[in-house]
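**Student:** A predicted structure for the sequence below; I have some questions about it.
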Amino acid sequence: MAGRNFEPFWISSAPATFSWSLGLTDWRDIGDLQDIVRELRTKGATLKATEQPIDTSNAAGKAFLDMLGVFAEFETNLRRERQMEGIAKAKAAGVYKGRPPTIDVEAVRKLRAEGKGVNVISHTLKISRASVYRALGPSPLSGNGSITS
């Protein structure tokens, strides 16, 4: 289920009301919210919020819930836009450079050229096998990006 704090799969098919405190930050978008309400409805239950006038068993409650979802999605999008603007500004100023590399790609390639296998390289450099594969890049022999041994 899409909502982060909610797993409605335990609800039986008997008629039930599920009470819950809703926060605008609990949803990524209106689709998440509607998916949860839809899942509850298929289980024969309705949603009743504990802190807002929301009760999905009636039209007014459904409308209010949808409005909350729209505003939650709007806030999420505004936050994302501001974040992207800040990152672009920082990059333009030369401040935002991302995380510094933690893997010495040349050391990985040197050990590989010496005939060492992926396991030995990962243990020697104390990095994961996936990091070794990433550092080595696609293999020209395999054609699919994987490296054997």
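**Tutor:** Good, I have the coordinates.

**Student:** which intervals of the protein have sub-threshold pLDDT?
**Tutor:** Applying pLDDT under 70 to the chain flags residues 1-29, 50, 139-149.

**Student:** Try it again at 50.
**Tutor:** 1-4, 6-9, 145-146, 149 (pLDDT under 50).

**Student:** give me the number of residues near Asp32?
**Tutor:** Neighbour count of Asp32, defined by other Cβ atoms under 10 Å: 18. C-beta coordinates here come from the backbone N, C-alpha and C atoms, glycine included.

**Student:** Check the one 4 residues further on too.
**Tutor:** By other Cβ under 10 Å, 24 other residues sit near Ile36.

**Student:** again, but for the one 5 residues further on
**Tutor:** The local packing count at Arg41 equals 13, with neighbours defined by other Cβ under 10 Å.

**Student:** Ignoring the adjacent residues along the chain, who's closest to it?
**Tutor:** Nearest non-adjacent residue to Arg41, counting by Cβ to Cβ, 6 or more residues apart in numbering: Thr56, 7.6 Å away.

**Student:** Likewise for Lys62?
**Tutor:** Closest residue to Lys62 apart from its sequence neighbours, by Cβ to Cβ, 6+ apart: Thr56 at 5.3 Å.

**Student:** quick one: that neighbour and Arg38 touch, right?
**Tutor:** No: counting by Cβ atoms under 8 Å, Thr56 stays clear of Arg38, with 9.9 Å between them.

**Student:** quick one, which of these two is more surrounded?
**Tutor:** Using other Cβ under 10 Å, the more surrounded residue of Thr56 and Arg38 is Thr56, with 22 against 13.

**Student:** May I have the phi/psi pair for that one?
**Tutor:** When read as degrees, to the nearest 10, the backbone of Thr56 gives phi -70, psi 10.

**Student:** and it, what is it in contact with?
**Tutor:** Going by Cβ atoms under 8 Å, 6 or more residues apart in numbering, Thr56 touches 37, 40-41, 46-48, 62, 65.

**Student:** Give me the subset of those residues that lies in helices.
**Tutor:** 37, 40-41, 62, 65 (DSSP state H).
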